[in-house]
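1. here is the input, now give the coordinates:
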Amino acid sequence: RDYLFSPAVFSQVNPSIVPTMLAEARRLAGGGERLWDLYCGYGLFAVALAAGFASVVGVEASAEAVACARANAARSGQGGASLQFHHLHITGPTLAALFKATPAADEALILDPPHAGAPAPVVLAAGARRARRVVHVFCNTARIPADAAVWRKAGYRVGEIVPLDMFPGTPELETLVCLEPGAPPA
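-> Sure, this is the predicted structure:
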């Protein structure tokens, strides 16, 4: 699959690993009525995983990235899924408001935040949605323990970790962490 995006929009840097990353994300997220794609960028996960869901909702702070995501969704045929993309600064309150405006369903959630990670209020708002499965993508593995502790506060536990060598020749990894409801919310 080819994606269009502006040079100013974040993209995964190692195209040889992207198919493996998408296959693992698809396996971990499963399928269902809705997939939430937070920090969706140009729609990499939203478009690739759409076939397993009736609808996909992407959320991204960059208007340019959202325009690319919409164009990529239109080009893809999206496997019958309804794809929506929201240009929204992702904070705990803005995410909570968006979730409140959307009825709950059989949902999975994927988030691929920047290197600095997702702030705790965003993780807590995402956890409050009670998706049956969450795939948190880390490009900064040092953040995993602290963010896993926030997910525990939100009632989730780590189910599986999939490290990917996205950056060969460096000690850095792209890591998919699958979280499932199970820990009692703090």
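2. run the chain-centre distance for the helix or strand hosting residue 34.
-> Using DSSP states H and E, residue 34 falls within strand 32-38. The chain centroid and the centroid of strand 32-38 are separated by 9 Å, computed with Cα atoms, centre = their mean, to the nearest Å.
3. now do the worst-scoring helix or strand of the chain on mean pLDDT: distance to the chain's middle.
-> Lowest by mean pLDDT, DSSP states H and E among the helices and strands of the chain is helix 63-76, with a mean of 92. With Cα atoms, centre = their mean as the basis, helix 63-76 stands 16 Å off its chain's centre.
4. buried residues in that helix, which are they?
-> Using 16 or more other Cβ atoms under 10 Å as the test for burial, helix 63-76 gives 65-70, 72-73, 76. For the C-beta atoms, the positions are set from N, CA and C on the backbone; glycine is no exception.
5. okay, those in a markdown table with distance to residue 46 next?
-> Compiled in a markdown table, these are given as follows (distance: Cβ to Cβ, whole Å):
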| residue | distance to residue 46 |
| --- | --- |
| 65 | 11 |
| 66 | 11 |
| 67 | 14 |
| 68 | 11 |
| 69 | 6 |
| 70 | 10 |
| 72 | 8 |
| 73 | 7 |
| 76 | 9 |
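6. for the record, mean pLDDT for the helix or strand that residue 21 is a member of?
-> Element membership for residue 21 (DSSP H and E) is helix 18-29. The average pLDDT within helix 18-29 is 96.
7. list the buried residues for that helix?
-> 18, 21-22, 24-26, 28-29.
8. for the nearest residue to residue 140 once chain neighbours are set aside, grab the count of nearby residues.
-> Spatial nearest neighbour of residue 140, excluding adjacent residues (Cβ to Cβ, 6 or more residues apart in numbering): residue 115 at 5.0 Å. By the measure other Cβ atoms under 10 Å, the count of residues near residue 115 is 10.
9. repeat for residue 149
-> By other Cβ under 10 Å, neighbour count at residue 149 equals 12.
10. now the strands for this protein?
-> Ranges of strands in the chain, per DSSP state E, are 32-38, 53-60, 82-87, 107-111, 133-138, 156-164, 174-181.
11. closest to residue 12 out of the ones you listed?
-> strand 174-181 (7.5 Å; Cβ to Cβ).
12. ok, now how distant is the residue nearest to residue 140 from residue 101?
-> 30 Å (Cβ to Cβ, to the nearest Å).
13. now do residue 60
-> Remark: distance between residue 60 and residue 101 (Cβ to Cβ) = 17 Å.
14. the more surrounded of those two?
-> Neighbour count, other Cβ under 10 Å: between residue 60 and residue 101, residue 60 has more, with 27 against 7.
15. in the sheet, who's paired with that one?
-> Beta bridges link residue 60 to residue 87 when assigned by DSSP bridges.
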